[in-house]
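Peer 1: Fold the following and give me the result.
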Amino acid sequence: EPEKQLAGGTRAIEKQVARTWNQYGNLLTLLSRAAGIDTGLSVAVLNVESAGHGFARDGRMVVRFENHKFWKYWGKDHTEQFRTHFKYRNDKVWLGHQFKAGAQDEWEKVHTSQNREWQVLDFARGLDEAAALKSISMGAPQIMGFHHARIGYPSVQEMFDNFDEGIRFHILGFFDFFDDRMVRALQRQDLVTFAGFYNGTGKAEDYGGKIKQQFEVFQRLAA
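Peer 2: Next up, the predicted model:
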């Protein structure tokens, strides 16, 4: 926690920015300074990724299961079984994610709640543990499991276990994930370019705009 706490204001976005800063501001400041970026941008990116939450109210880590990644790491070698349980759009693979546990069940959307994300993840883990964990984004920074080596973990299982242990690992992993391109984009506040590197080009404009909005709120609250 930082010494200086922020008052959250009345708007939801103001409360969100203040909450993230008030919980993690000291660690975010130290790591942001080391990276040479504005701390407010670190707060903004975390908020856009997960509203600053690493864990849901039930204590489980915040995750997002990506059907198209599970296809890459498991489904392409088990085509019939994958298509029985998982769907995604062919033209925009990050959209149209649906799941059904049984062959006769109705298709349902994946990204409706954390309970649903975990239901799909647990099912996929029963098919292939490592492939399933590589196919989720984890915690407050929403880093994909397949990036485990990039942030210093020899296996995706070790990344998952550490992230599941506490928020500190989320924030350390968040900064370990930044490469030189991301840091330079943040330093010049080119947030669309940063979002393209961090989230993928398909979401760059949307995410870049959201980061800018969060950053401007932080600047106003911290002034």
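Peer 1: What lies in contact with the helix or strand where residue 83 lies?
Peer 2: Taking DSSP states H and E as the definition, one finds residue 83 inside helix 79-85. Contact with helix 79-85 is made by 70-71, 74-76, 99-101, 103, 123, 127, as judged by C-beta atoms under 8 Å, 6 or more residues apart in numbering. (Each C-beta comes from the backbone N, C-alpha and C, glycine too.)
Peer 1: Need the mean per-residue confidence for the helix or strand just after that helix.
Peer 2: Using DSSP H and E, the helix or strand that follows helix 79-85 in sequence is strand 86-87. Summarised as a single mean, pLDDT over strand 86-87 is 98.
Peer 1: can you give me how far strand 86-87 is from the chain middle?
Peer 2: 21 Å (C-alpha atoms, centre = their mean, to the nearest Å).
Peer 1: Over to stretch 191-202?
Peer 2: 13 Å.
Peer 1: before we move on, the earlier item: scan the contacts of helix 79-85 and report the most crowded one.
Peer 2: Sorting those by how many neighbours each has (other C-beta atoms under 10 Å) puts residue 70 first, at 27 neighbours.
Peer 1: how about that residue, what does it touch?
Peer 2: Counting by C-beta under 8 Å, 6+ apart, residue 70 touches 82, 86, 124, 131-132, 135.
Peer 1: do you know how far it is from residue 146?
Peer 2: Here the criterion is C-beta to C-beta, to the nearest Å. By it, residue 70 lies 11 Å from residue 146.
Peer 1: residues shared between the contacts of these two?
Peer 2: residue 135.
Peer 1: was I right about residue 176 contacting residue 153?
Peer 2: No: in this structure, residue 176 is not within contact of residue 153 by C-beta atoms under 8 Å, at 9.4 Å.
Peer 1: okay, those two: which has more neighbours?
Peer 2: residue 153 (20 against 17).
Peer 1: Spatially nearest residue to that one, not counting backbone neighbours?
Peer 2: What sits nearest to residue 153 in space, not counting adjacent residues and going by C-beta to C-beta, 6 or more residues apart in numbering, is residue 159, at 4.0 Å.
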